[in-house]
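> here you go, sequence then predicted model.
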Amino acid sequence: MIINIFLLLLSYLLGSIPFAYLIVRMQGGNIFAVGTKNPGASNTFREIGKIYGAAVFLLDAVKVVASILIAQSFNDSQWFLVFCGLSCMLGHWYPIFLKFRGGMGLACAIGIAIALMPIQAVISSIPTLIVLWLIRSVGHAVAVGFSVFFSICLYLEYDWMYTLAITLIPILALVRERILPSVR
């Protein structure tokens, strides 16, 4: 029990690492002063540069993957691993290191999918990237990607409730962005 609480707290702290803020600060800027003022991959990509935005995206996804892999070495319950991913995402949304001013969390949602169902996540990334390239809308691209992800998992007869939970995580990120914005 205590180890599980520790793992959830560790996941939150990993999620709190503000890669957008750190990368933009290393470039001499302030992510809170440009574009949407959101400390995330999309704002970094649009306002600072594609390479920096891609780096933030990868690092934000990797911090979730790392938190889930660490947790998996102590507890292999599928649902506990989902909660560790969500705890990491919560840290991204409300990072203790930035006075609780965090990003949207779509890269974290993708990281959860990659950590828990890597083959399906990689396959569904192809249509995601195509839609992102064609219409340049992160929200639409993620919606397409997770729809494909969900369809692949159902076709392969994975546990549908577990699959649905993972598929709904990006919707949770979008709802949180609209309803419960970061402290400003």
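Sure thing, it's come through.

> how near is the residue nearest the centre of the chain to residue 44?
The chain has residue 108 as the residue nearest its centroid, 0.9 Å off, counting by CA atoms, centre = their mean. Residue 108 sits 15 Å away from residue 44, going by CB to CB, to the nearest Å. Any C-beta I mention is one placed from the backbone N, CA and C, and that applies to glycine too.

> do the same with residue 91
On the measure of CB to CB, residue 91 and residue 44 end up 18 Å apart.

> top helix in this structure by residue count?
Ranked by residue count under DSSP state H, the longest helix found in the chain is helix 50-72.

> show me what it is packed against.
helix 2-15, helix 19-26, helix 41-47, helix 78-93, helix 106-116 (3 or more CB pairs under 8 Å, 6 or more residues apart in numbering; DSSP states H and E).

> okay, the angle between it and helix 19-26?
Using axes from the mean of the first three to the mean of the last three CA atoms, to 10 degrees, the inter-axis angle of helix 50-72 relative to helix 19-26 is 140 degrees.

> residues making contact with stretch 143-151?
Residues outside stretch 143-151 that contact it (CB atoms under 8 Å, 6 or more residues apart in numbering) are 109-110, 113, 117, 120-121, 123-125, 127-128, 131, 163-164, 166-167, 170.

> try 7 Å this time
113, 120, 121, 124, 125, 127, 128, 131, 163, 167, 170 (CB atoms under 7 Å, 6 or more residues apart in numbering).

> buried subset of those?
Buried members of the contacts of stretch 143-151, scored by 16 or more other CB atoms under 10 Å, are 113, 120, 121, 124, 125, 128, 131, 163, 167, 170.

> the first one touches residue 165, doesn't it?
What it means is residue 113. No. Counting by CB atoms under 7 Å, residue 113 stays clear of residue 165, with 10.8 Å between them.

> hmm, which helix or strand of the chain has the shakiest average pLDDT?
helix 160-179 (a mean of 81; mean pLDDT, DSSP states H and E).

> send the alpha carbons of it over as CSV?
In CSV, the C-alpha atoms belonging to helix 160-179 read as follows (Å, rounded to 0.1, in the frame of the first residue of the first chain):
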residue,chain,number,x,y,z
TRP,A,160,-12.9,-3.1,-23.9
MET,A,161,-13.2,-1.3,-20.6
TYR,A,162,-9.4,-0.9,-20.2
THR,A,163,-9.2,0.2,-23.9
LEU,A,164,-12.0,2.7,-23.4
ALA,A,165,-10.3,4.1,-20.3
ILE,A,166,-7.1,4.7,-22.2
THR,A,167,-9.0,6.1,-25.2
LEU,A,168,-10.9,8.6,-23.0
ILE,A,169,-7.8,10.1,-21.4
PRO,A,170,-7.2,12.7,-24.2
ILE,A,171,-10.8,13.7,-23.9
LEU,A,172,-10.2,14.2,-20.2
ALA,A,173,-7.2,16.5,-21.2
LEU,A,174,-9.4,18.6,-23.5
VAL,A,175,-12.2,18.9,-21.0
ARG,A,176,-9.7,19.9,-18.3
GLU,A,177,-8.3,22.6,-20.5
ARG,A,178,-11.8,24.1,-21.1
ILE,A,179,-13.3,23.6,-17.7
